[in-house]
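**Student:** give me the fold of what follows.
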Amino acid sequence: MRSKMKRRINLCVVLGAIALYGGLSLYAAQVPDAKAPSGKSDLMSRVTIEVSGGEKDAPVENASVYLKYVEERKIKKDKKVELNVKTNRDGAAHIPETPTGRVLIQVVADGWKTYGRWYDITEAKQTIKVHLEKPPRWY
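**Tutor:** Okay, the predicted model is just below:
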């Protein structure tokens, strides 16, 4: 009598384990991979900002370029991100990893009017040309 009872218990344990494993494998098949890109906001872009100024379109060296965007989160509050780079001698600033979407680009340079505008980053490599103007003279 005890041997029949042990066999039934063992059979129940084995069947339970099979059902549990089968259920977990079905669940795993339905859960998306966390590393897989899930949408447009996961795509990154390389942005080059070319800053020139004046009537001759001369490159503006050592200008501060601010790139601001909102990093959307599902659980926590959205995070505001700000990047700051400087232009080189050619007036170019390179930002290697910029998320695609809407970004605010601001340029501040000595002797020039401050510039700011919203842009839509859509391409993998994008060049944005910014033209600065001289401020009005105060007498």
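**Student:** next one: Trp118 from Thr87, what distance?
**Tutor:** The spacing between Trp118 and Thr87, counted by C-beta to C-beta, to the nearest Å, is 20 Å. (Glycine included, C-beta is placed from N, CA and C.)
**Student:** no wait, Leu67
**Tutor:** In this view, Leu67 and Thr87 are 13 Å apart by C-beta to C-beta.
**Student:** comparing Trp118 and Thr87, which shows the higher neighbour count?
**Tutor:** Counting neighbours by other C-beta atoms under 10 Å for Trp118 and for Thr87 shows that Thr87 has the greater number, 23 against 10.
**Student:** contact partners for that one?
**Tutor:** Applying C-beta atoms under 8 Å, 6 or more residues apart in numbering to Thr87 gives the contacts 49, 51, 59-63, 65, 93, 109.
**Student:** before we move on, what about Lys125?
**Tutor:** Each residue near Lys125 by C-beta under 8 Å, 6+ apart is listed here: 45-46, 48.
**Student:** same check on Gly54?
**Tutor:** Neighbour list for Gly54: 132-134 [criterion: C-beta under 8 Å, 6+ apart].
**Student:** recalculate using a threshold of 7 Å.
**Tutor:** The neighbourhood of Gly54, defined by C-beta atoms under 7 Å, 6 or more residues apart in numbering, consists of Lys134.
**Student:** looking at the contacts of Thr87, which is nearest Pro99?
**Tutor:** Ile49 (15.6 Å; C-beta to C-beta).
**Student:** so which elements touch the helix or strand hosting Ala93?
**Tutor:** Assigned by DSSP states H and E, Ala93 belongs to strand 92-99. If you count contacts as 3 or more C-beta pairs under 7 Å, 6 or more residues apart in numbering; DSSP states H and E, strand 92-99 packs onto strand 44-53, strand 64-71, strand 79-86.
**Student:** residues contacting that strand, please?
**Tutor:** The contact list for strand 92-99, computed with C-beta under 7 Å, 6+ apart, reads 41, 44-50, 65, 67, 69, 83, 85-87, 121.
**Student:** check what pLDDT the nearest residue to Gly53 once chain neighbours are set aside gets.
**Tutor:** Distances taken as C-beta to C-beta, 6 or more residues apart in numbering place Leu132 nearest to Gly53, at 3.7 Å, with adjacent residues excluded. Per-residue pLDDT puts Leu132 at 95.
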